[in-house]
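**Q** Need a 3D model of the following:
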Amino acid sequence: MTKTVAEVMTADPVVTYPQTPIEEAIHLLGERKFSGLPVVNERHQLVGVLSNQDILARQEGVRPPVFFWFMDAVIWLENPHHYRQELHKVLGATVGDVMTPEPISIRPEEPVTVAAHKMHLHRIRRLPVVNSENRVVGILTRGDIVRSIALATPTE
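**A** Down below sits the predicted model:
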């Protein structure tokens, strides 16, 4: 029988808020040895995810978009809007500035196989688990899935 996300997830995960100073969130990630945190609003509804990748992007800095001048006109070879978004993320002072908005999530009643497929398809390491009101009730990581497989696999 296929397990559900609720059977494998970590319930009541540590969360952060958009207005939390980014330094505080970085400290929390390092102290707890987490690779990411769900970001919730005051109603505990999911609004984003803060991951180590978001933090690393701050350290990398931002590369200006490629353009050239032609007959007194700027020709952009990359979308300058993307540059502005990256710059905002690099210079951000709060979790809300740096987080990835509109994250992929999953419901607790979904099968773990669906969660694994989502994680593989979108190349993500964790899925916030939300109820019907979009409130965070858990977090599912790749490690959680591997542990559930290990426990279900008979040993010799």
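
**Q** For this structure, which segments count as helices?
**A** Using DSSP state H, the helices found in the chain span residues 5-8, 22-32, 52-60, 80-91, 95-98, 112-122, 142-152.

**Q** nearest to residue 46, of these?
**A** When the helices of the chain are ranked by distance to residue 46, counting by Cβ to Cβ, first place goes to helix 95-98 at 13.1 Å. All C-beta spots, glycine's among them, are computed from the backbone N, C-alpha and C.

**Q** next one: the closest one to chain centre, how far?
**A** 12 Å (Cα atoms, centre = their mean, to the nearest Å).

**Q** Need the contact partners of it.
**A** Helix 95-98 has contacts (Cβ atoms under 8 Å, 6 or more residues apart in numbering) with 16-22, 25, 39, 47-48, 50, 54-55, 57-58, 88-89, 91-92.

**Q** Which positions in it come out as buried?
**A** Applying a neighbour-count criterion of 16 or more other Cβ atoms under 10 Å, one finds 95-96, 98 buried in helix 95-98.

**Q** Report the central residue of the protein.
**A** Nearest to the mean C-alpha position of the chain, by Cα atoms, centre = their mean, lies residue 49 at 3.5 Å.

**Q** who's that one bridged to?
**A** For residue 49, the beta-bridge partners under DSSP bridges are residue 38, residue 100.

**Q** my guess is it meets residue 34, correct?
**A** No: counting by Cβ atoms under 8 Å, residue 34 is not a contact partner of residue 49; they are 11.3 Å apart.
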